[in-house]
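A.B. asks: Predicted model and sequence below, questions to follow.
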Amino acid sequence: MSILQAVILGIVQGLTEFIPVSSSGHLVLVPHVLGWQFEQSQAFIFDVLVQWGTLLAVLIYFRRDLIEIGTAFCKGLTSGKPFASENARMGWYLIIATIPAVVVGLLCKDFIEAAFSNARTTGFFLLFTAVLLVVAEIVGKRKRTMDQITWFDALWIGCSQVLALLPGVSRSGATIAGGMIRDLDRSSAARFSFLMSVPVMLGAGVLAFKDLFALQTTDNFLLPLAIGFFAALVSGYIAIRWLIAYLSKHSLFIFAGYCLIIGLLIIFTG
């Protein structure tokens, strides 16, 4: 992997991790369209570890929220009142929302990795993402905010996140749609989606580090990986700021249309 390839893929990851058009799908499609060939083991590790760039973007953007949630969560545990405050409950909700994807991801790891090798499959799942976004806009009443989230909302959104283990299904799209179907407003659904990405991306990155150390060509791979990480960090932070502002006034239909067009192009062109 060259430096230029790492920069391009890092930017693609940073933008599409949060904009609901599927980062995993684009990380499959961009090399396919440009004719880039990578070792499968290196490509998968790059895709997962460069997500730590976007993870850092989330940590920076939501640092105050995360500190307040973490502090209240720990205080609730030590005081014997784990659900006493809104932030303490939010900590539990993020844990609940993480469990489904962790369980399914561990049980189906080989199947998920194999699915990333088929570009046409990615096209069909992009169509599925488009459908999810349209359904969320039609069904959701958008009358609830972050402070009204319940444990069942968290579990529902967590189950929506399971869909994003497949290439072409946007993680942010699936979880934002899941929140909107539960009648959260767009901005609240997006904020919860971004917050719940932290434990998932952290866990996936830890597992990928184990695979990274097992590679024989680690030295040649570290520089592109670092460059991709930084590119994903910068573009990811920009994407978060832009999307939250955008969703306060606009619908998801434009993203559904994009997924529909790209998905059909992939299916019909192979």
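C.D. replies: All right, it came through fine. These numbers come from a predicted model, not from an experiment. Numbers count the residues shown, from 1 in each chain.
A.B. asks: hey, let's count contacts and neighbours off CA atoms from now on
C.D. replies: Will do.
A.B. asks: Which neighbouring elements make contact with the helix or strand where Ile138 lies?
C.D. replies: Using DSSP states H and E, Ile138 falls within helix 119-139. On a contact count with 3 or more C-alpha pairs under 8 Å, 6 or more residues apart in numbering; DSSP states H and E, helix 119-139 meets helix 23-34, helix 171-181, helix 253-269.
A.B. asks: what angle separates that helix from helix 23-34?
C.D. replies: Per axes from the mean of the first three to the mean of the last three C-alpha atoms, to 10 degrees, the angle that helix 119-139 makes with helix 23-34 is 140 degrees.
A.B. asks: Which residues does helix 119-139 contact?
C.D. replies: Identification of contacts with helix 119-139 by C-alpha atoms under 8 Å, 6 or more residues apart in numbering yields 21-22, 25, 28-29, 32, 115-116, 166-170, 173-174, 177-178, 180-181, 251-253, 255-260, 262-267, 270.
A.B. asks: which non-adjacent residue is nearest Ser170?
C.D. replies: Closest residue in space to Ser170, ignoring its immediate chain neighbours: Ser22 at 3.6 Å, by C-alpha to C-alpha, 6 or more residues apart in numbering.
A.B. asks: and the one you found, what is it in contact with?
C.D. replies: Applying C-alpha under 8 Å, 6+ apart to Ser22 gives the contacts 16, 126, 167-173.
A.B. asks: coming back round to it: so how far is the helix holding Ile138 from its chain's centroid?
C.D. replies: Between the centre of helix 119-139 and the centre of its chain there are 15 Å (C-alpha atoms, centre = their mean, to the nearest Å).
A.B. asks: after that helix comes which helix or strand?
C.D. replies: Downstream of helix 119-139, the first helix or strand assigned by DSSP H and E is helix 151-163.
A.B. asks: Quick check: mean pLDDT of that following helix?
C.D. replies: Averaged across helix 151-163, pLDDT comes to 93.
A.B. asks: got a pLDDT number for Ala208?
C.D. replies: 66.
A.B. asks: swap in the one 5 residues further on?
C.D. replies: Looking at Phe213, its pLDDT stands at 67.
A.B. asks: How about Trp36?
C.D. replies: pLDDT at Trp36 comes out at 80.
A.B. asks: Next: Leu4.
C.D. replies: Note on Leu4: pLDDT of 87.
A.B. asks: Any idea how many residues pack against it?
C.D. replies: Residues lying near Leu4 (other C-alpha atoms under 10 Å) number 12.
A.B. asks: which helices and strands does the helix or strand containing it pack with?
C.D. replies: Using DSSP H and E, Leu4 sits within helix 3-18. Helix 3-18 sits against helix 23-34, helix 51-61, helix 171-181, helix 218-247, with contacts defined as 3+ C-alpha pairs under 8 Å, 6+ apart.
A.B. asks: For Ala43, see how far away the residue lying closest to Leu265 once chain neighbours are set aside is.
C.D. replies: Leaving aside its sequence neighbours, Leu265 sits nearest to Gly123 (C-alpha to C-alpha, 6+ apart; 7.7 Å). Separation of Gly123 from Ala43 (C-alpha to C-alpha, to the nearest Å): 19 Å.
A.B. asks: Please report phi then psi for Leu184.
C.D. replies: The phi/psi pair for Leu184 (degrees, to the nearest 10) reads phi -70, psi 150.
A.B. asks: dump the residue contacts of Ala231.
C.D. replies: Contacts of Ala231 by C-alpha under 8 Å, 6+ apart are 7-8, 10-11, 14, 53.
A.B. asks: now Ala97
C.D. replies: 154-159, 196.
A.B. asks: Out of those, who's the most crowded?
C.D. replies: Highest neighbour count within those, by other C-alpha under 10 Å: Ile157, with 29 neighbours.
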